[in-house]
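S.K.: structure, please.
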Amino acid sequence: SSADSDGVDDVNGLLHILDNILNASNDPWDHRRIDWEDHVAMLMNAGLFENEYRMTHGTFCKLRDILSPHLQRAEHNSRSSEPITPTHIMVAGLRVLYG
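M.R.: Numbers count the residues shown, from 1 in each chain. All right, here's what the predicted structure looks like:
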């Protein structure tokens, strides 16, 4: 049933979060990026995207598309194995603005 699959999705999401926490490095220079698609899927499944980002996912995507050309960063300047994306920059900025 749908309720059973929702429960399985919730458990899988929690296991994914727990795995990330347990495998997190204590190295302050290890800058791992969140997996944006997993993060969005978890928030959408829980109905929390609008609460977290104070806009619909569609509006978020439109804003990202408008801002992306201005938020590009040179990959060689990244201290991480994964360069920061315009989406990550936008999310960090929104969190600062939201307080």
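S.K.: what comes up buried for stretch 88-99?
M.R.: Within stretch 88-99, the residues that qualify as buried are His88, Ile89, Met90, Val91, counting by 16 or more other CB atoms under 10 Å. No exception for glycine: its C-beta is placed from N, CA and C like everyone else's.
S.K.: show only the entries of those found in helices.
M.R.: Among these, the members falling in helices (DSSP state H) are His88, Ile89, Met90, Val91.
S.K.: what distance do you get for the second one to Val96?
M.R.: In this case it means Ile89. 11 Å (CB to CB, to the nearest Å).
S.K.: same thing with Ala41?
M.R.: Applying CB to CB, the value for Ala41 to Val96 is 24 Å.
S.K.: and for Glu37?
M.R.: For Glu37 relative to Val96 (CB to CB), the value is 23 Å.
S.K.: now swap in His70 and tell me
M.R.: Applying CB to CB to His70 and Val96 gives a distance of 16 Å.
S.K.: and for Ile34?
M.R.: 16 Å.
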